[in-house]
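K.L.:
Provided below are the primary sequence and the corresponding predicted coordinates.
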Amino acid sequence: MLVYEIVLDGELATDLTDSPVSLERRNSGGATILITPVVHADTLSSVLSLLESLGIGVTAVHQVEDERTGRDQPGSA
């Protein structure tokens, strides 16, 4: 399963209840990092669209190792 970290511009104080998937949230160095599994082809796009509609800036998006399986995902650097 693909997993992405979405780094937000600033800290998000609450969870995004309107998200199409469950998002893990952690604050680090003045930014919020959302971790989302991509369960459908349009999941990442839907989450990014939600953030944009709420006026929340995105600093970066990274594909990361799925810690639940301990495997690197294809195409990750």
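P.N.:
Yes, it's here.
K.L.:
could I get the full set of helices for the chain?
P.N.:
Remark: helices assigned in the chain by DSSP state H are 43-53.
K.L.:
low-confidence stretches in it?
P.N.:
Residue ranges of the chain with pLDDT under 70: 67-77.
K.L.:
state the distance from residue 17 to residue 50.
P.N.:
In this view, residue 17 and residue 50 are 10 Å apart by Cβ to Cβ, to the nearest Å. Quick note: C-beta positions are derived from backbone N, CA and C, even for glycine.
K.L.:
likewise residue 24?
P.N.:
Distance from residue 24 to residue 50, by Cβ to Cβ: 16 Å.
K.L.:
of these two, who's got more company?
P.N.:
Applying other Cβ atoms under 10 Å to residue 24 and residue 50 shows that residue 50 carries more neighbours, namely 15 against 12.
K.L.:
right, and the more buried one touches residue 21 too?
P.N.:
No - with contact defined as Cβ atoms under 8 Å, residue 50 does not count as touching residue 21 (10.2 Å).
K.L.:
any residues in contact with both of these two?
P.N.:
Taking Cβ atoms under 8 Å, 6 or more residues apart in numbering as the contact rule, residue 50 and residue 21 touch no residue in common.
K.L.:
can you pull the contacts of the closest residue to residue 2 other than its chain neighbours?
P.N.:
Distances taken as Cβ to Cβ, 6 or more residues apart in numbering place residue 38 nearest to residue 2, at 4.0 Å, with adjacent residues excluded. Residues in contact with residue 38 (Cβ under 8 Å, 6+ apart) are 1, 2, 3, 4, 44.
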